[in-house]
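Undergrad: after the sequence you'll find the predicted model.
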Amino acid sequence: APGFGSRGIDGKVDAIKYVRENNIPFFGICLGMQCAVVEFGRNVLGMPNAQSTEMDENTESPVISMMEEQKKIKNKGGTMRLGSYSCDLKKGSKASAIYGRNHIKERHRHRYEFNNQYLEQYENAGMVATGINPENNLVEIIELKNHPFFIGAQFHPELKSTVDNPHPLFVNFVA
């Protein structure tokens, strides 16, 4: 689930490792996606210090880092990346199949993002960025290639989901 801060991060990372290794469906939202990136860095890519700069500003492997435009902000109130942003989906990805199209718009509420300096290394090992913001190249969705259902979304699909019209990512995760 989404969240903020370091509380419970190690347990979340351990749980994600378990579901990844045992082919249990996983759907990470915002911090959930970020924890999946940290877990993969530590346990697949061999970076024991992989971390978000939200949890450790001085980590040797900042696989999740504060967005550049957020670094200048001193008074935090109401200054996150908020609102609806475009996302291009990779053809042939689970996300593309779930949405039934290759361009979506989703709502955001965060300051931290996947650090694109690590993108090639992650993709070569099987964690693929299947959703990218076309304006700034930020990673919006990650998937594991060889897993029945392992999707992380930087955005908040719950903000567009209702009882009468549940978001397709939730419907497919439950299915």
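TA: Cool, the structure landed.
Undergrad: please name the nearest non-neighbouring residue to residue 132.
TA: residue 88 (5.5 Å; C-beta to C-beta, 6 or more residues apart in numbering). Placement of C-beta: from N, CA and C, glycine included.
Undergrad: what about the one you found, neighbour count?
TA: Applying other C-beta atoms under 10 Å, we find 16 residues neighbouring residue 88.
Undergrad: also residue 18?
TA: 12.
Undergrad: returning to what we had before: bridging residues for the residue nearest to residue 132?
TA: residue 103, residue 132 (DSSP bridges).
Undergrad: would you agree it is in contact with residue 103?
TA: Yes - using C-beta atoms under 8 Å, residue 88 is in contact with residue 103, at 5.7 Å.
Undergrad: so the most centrally placed residue in the chain versus residue 167, what's the distance?
TA: The residue lying closest to the centre of the chain (C-alpha atoms, centre = their mean) is residue 33, at 3.1 Å. Distance, residue 33 to residue 167, using C-beta to C-beta, to the nearest Å: 15 Å.
Undergrad: what does residue 91 give?
TA: 21 Å.
Undergrad: tell me if the residue nearest to the centre of the chain really is in a helix.
TA: Yes - assessed with DSSP: H, G, I helix; E, B strand; the rest coil, residue 33 lies in a helix.
Undergrad: report the contact partners of it.
TA: 114, 141-142, 152-154 (C-beta atoms under 8 Å, 6 or more residues apart in numbering).
Undergrad: can you pull the pLDDT of it?
TA: The score at residue 33 is 94. That number is its pLDDT.
Undergrad: and what of residue 79?
TA: For residue 79, the predicted pLDDT is 52.
Undergrad: same check on the one 5 residues further on?
TA: At residue 84 the predicted local distance difference test score is 76.
Undergrad: for it, grab the count of nearby residues.
TA: The number of residues near residue 84, taken as other C-beta under 10 Å, comes to 13.
Undergrad: if I look at it, how far off is residue 103?
TA: Counting by C-beta to C-beta, the gap from residue 84 to residue 103 is 13 Å.
Undergrad: same question, residue 171
TA: Relative to residue 103, and taking C-beta to C-beta, residue 171 is found at 20 Å.
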